[in-house]
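In: This is a predicted model, with the sequence first.
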Amino acid sequence: MPQEDWQLALKQSLTSVRHLADYFEFDASELETVESRYPMRISPYYLGLIEHVGDPIWKQCVPDILELEDSGLDDPLAEEDFSPTPAVIHRYPDRVIFLVSGSCAGYCRFCTRKRKVGCADMALSFRELRDGIDYIAANTQIRDVIFSGGDPLLLPDSVLQDLLARVHAIPHVEIIRIGTRVPVTLPERITERLCVLLKKFQPIYINTHFNHPRELTQQARNACSRLADAGIVLGNQTVLLRGVNDHADTIGELFRGLLRMRVRPYYLHHMDLTRGTGHFRTSVKTGLQIMHSLRGPVSGLASPHYVIDLPKGKGKVPLVPQYVKRKGETLFIHAEDGSVVEYPDVVDD
Ligand SMILES: *Cc1c(COP(=O)(O)O)cnc(C)c1O
Ligand code: SF4
């Protein structure tokens with residue numbers, strides 16, 4: 001099989017900080033210990049988005065010595081306790097995460113599955129994938145299958161097509177979702193051929209993962225357009241990251257920019273407790289302040305849920321700024337202009 005352009009681009013990715021030192025001036029020596037623990041991969045396209053050492057693009061993809069100093073948990077969401085078979089995470093009754101790929105077009109330094117993404121033990125065997133499909137087929141309450149990993153769109157078209165077809169053919173599966181960062185890190189992966197392939201398995205929802213307005217390039221815009229034109233509903237999951245996007249102006253610009261690309265902001269994730277990512281964590285207060293500042297100036301369409309994923313697999317919970325207080329049957333609701341409005345509530349039987 002001749003390689004596609006995106007596969008060739010992927011092969012040219014930087015996988016060692018030593019090579020990054022050909023492009024930027026920084027001390028690579030201390031970072032080699034980090035990359036031996038947590039792999040690095042930066043695609044040529046994403047490398048081109050870095051303007052200088054330590055900028056918001058750099059911080060997302062270049063190893064930092066702080067990754068080794070952090071305590072934190074290897075599996076903060078206890079995903080492994082909710083894994084009936086290696087390729088499936090089943091925490092909510094009607095939906096599962098199906099781990100179909102162990103690699104990504106770039107290894108995000110803040111990744112929740114940092115313990116294994118990009119490592120050899122994440123590569124799934126055909127047998128594990130088949131067991132995953134058997135599990136989904138045997139559990140009729142599963143309506144929604146979320147392809148994840150790693151990045152599902154790093155699979156070659158033929159493998160992806162095979163997995164989608166098998167899941168799509170299960171009668172009780174109503175929708176398929178794909179979580180992917182390739183529109184951000186390897187937009188050339190979104191080929192016309194891929195869109196034709198995906199279109200066969202509608203309804204398909206894709207959640208992508210833009211974290212900073214500088215990622216909203218013309219190439220990314222074109223990739224999202226191709227998907228939207230194929231009738232795929234696009235959402236975005238942003239992670240709130242200290243030093244990258246933890247300002248209301250940055251988040252506001254990101255969310256408005258996404259809407260212009262036909263991508264609906266779906267979740268703003270509070271950083272979870274993954275080991276090696278502590279330097280990215282903001283306070284919840286900062287997140288709530290950002291959410292509060294969005295309510296007025298930003299359209300409801302551009303306001304995602306701000307969610308925290310609780311430890312031990314207790315699930316995602318939306319965090320909202322306090323708007324409502326109750327005294328007897330009267331509610332006191334904080335309006336956008338700062339005033340408090342008395343609102344007569346009804347009493348339910
Ligand atoms: C986040 C998550 C889902 C999907 O949740 P939605 O709120 O429906 O997007 C499913 N399973 C697990 C284990 C999750 O963490
Ligand atoms: S693309 Fe997703 S799974 Fe891959 S490293 Fe980034 S956050 Fe983790």
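Out: Sure, I can see it. Ligands and ions are numbered 1, 2, ... in the order given.
In: Nearest spatial neighbour of the closest residue to ligand 1 within the stretch 201-349 of the chain, chain-adjacent residues omitted?
Out: Among all residues of the stretch 201-349 of the chain, residue 316 sits closest to ligand 1, at 5.3 Å; criterion: Cβ to the nearest ligand atom. Heads up, the C-betas are built off the backbone N, CA and C, glycines and all. Closest residue in space to residue 316, ignoring its immediate chain neighbours: residue 307 at 4.6 Å, by Cβ to Cβ, 6 or more residues apart in numbering.
In: The one you found contacts residue 315, correct?
Out: No. At 9.5 Å, residue 307 and residue 315 do not qualify as touching, with contact defined as Cβ atoms under 8 Å.
In: Which one's more surrounded, those two?
Out: Taking neighbours as other Cβ atoms under 10 Å, residue 307 and residue 315 compare with residue 307 leading, 18 against 12.
In: doesn't that one fall inside a strand?
Out: Yes. Under DSSP: H, G, I helix; E, B strand; the rest coil, residue 307 sits within a strand.
In: how much space between it and ligand 2?
Out: Separation of residue 307 from ligand 2 (Cβ to the nearest ligand atom, to the nearest Å): 15 Å.
In: Run through the bridge partners of that residue.
Out: Per DSSP bridges, the residues bridged to residue 307 are residue 269, residue 318.
In: need the residues of the protein near ligand 1, please.
Out: 89, 91, 92, 95, 97, 146, 316 (Cβ under 6 Å from any ligand atom).
In: excluding its backbone neighbours, what's nearest the second one?
Out: The shortest distance from residue 91 to any residue that is not its chain neighbour, by Cβ to Cβ, 6+ apart, is 4.5 Å, and that residue is residue 82.
In: That neighbour is in contact with residue 89, isn't it?
Out: Yes. Counting by Cβ under 8 Å, residue 82 sits close enough to residue 89 to count as a contact (5.3 Å).
In: OK, contacts around the residue of the stretch 1-150 of the chain found nearest ligand 1?
Out: Going by Cβ to the nearest ligand atom, ligand 1 is nearest to residue 91 of the stretch 1-150 of the chain, at 3.8 Å. Taking Cβ atoms under 8 Å, 6 or more residues apart in numbering, we find residue 91 in contact with 79, 82, 313, 315.
In: Which pLDDT does the model give the second one?
Out: On pLDDT, residue 82 comes in at 94.
In: Who are the contact partners of it?
Out: Per Cβ under 8 Å, 6+ apart, neighbours of residue 82: 89, 90, 91, 313.
In: Of all pairs in those, which one is the farthest apart?
Out: Pairwise distances across those peak at 10.5 Å for 90 and 313 (criterion: Cβ to Cβ).
In: coming back round to it: and the residue of the stretch 1-150 of the chain closest to ligand 1, what element?
Out: strand 88-92 (DSSP states H and E).
In: Please apply the same query to residue 145.
Out: Following DSSP H and E, one finds residue 145 within strand 144-148.
In: helices or strands next to whichever helix or strand comes after that strand in the packing?
Out: Counting by DSSP H and E, the element after strand 144-148 in chain order, helix or strand, is helix 157-168. Here helix 157-168 is seen to pack against helix 126-138, strand 144-148, strand 175-179, helix 192-199 when contacts are counted using 3 or more Cβ pairs under 8 Å, 6 or more residues apart in numbering; DSSP states H and E.
In: still on that earlier bit, next one, pLDDT for the residue of the stretch 1-150 of the chain closest to ligand 1 please.
Out: Looking at residue 91, the pLDDT reads 95.
In: Whichever of the residues of the chain next to ligand 1 end up buried, select them in ChimeraX.
Out: With 16 or more other Cβ atoms under 10 Å as the criterion, this ChimeraX line picks the buried residues out of these:
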select :89,91,95,97,146
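In: residue boundaries of the helices in this protein?
Out: Remark: helices assigned in the chain by DSSP state H are 5-11, 17-20, 32-37, 44-47, 56-61, 66-69, 126-138, 157-168, 182-185, 192-199, 218-229, 248-260, 284-295.
In: JSON lines please, covering these and showing distance to residue 277 and mean pLDDT.
Out: JSON lines is the format used below for the helices of the chain (distance: least, Cβ to Cβ, whole Å; pLDDT from 0 to 100):
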{"stretch": "helix 5-11", "distance to residue 277": "24", "mean pLDDT": "96"}
{"stretch": "helix 17-20", "distance to residue 277": "18", "mean pLDDT": "95"}
{"stretch": "helix 32-37", "distance to residue 277": "12", "mean pLDDT": "93"}
{"stretch": "helix 44-47", "distance to residue 277": "19", "mean pLDDT": "98"}
{"stretch": "helix 56-61", "distance to residue 277": "11", "mean pLDDT": "98"}
{"stretch": "helix 66-69", "distance to residue 277": "7", "mean pLDDT": "93"}
{"stretch": "helix 126-138", "distance to residue 277": "26", "mean pLDDT": "96"}
{"stretch": "helix 157-168", "distance to residue 277": "29", "mean pLDDT": "97"}
{"stretch": "helix 182-185", "distance to residue 277": "18", "mean pLDDT": "98"}
{"stretch": "helix 192-199", "distance to residue 277": "30", "mean pLDDT": "97"}
{"stretch": "helix 218-229", "distance to residue 277": "24", "mean pLDDT": "98"}
{"stretch": "helix 248-260", "distance to residue 277": "19", "mean pLDDT": "96"}
{"stretch": "helix 284-295", "distance to residue 277": "15", "mean pLDDT": "90"}
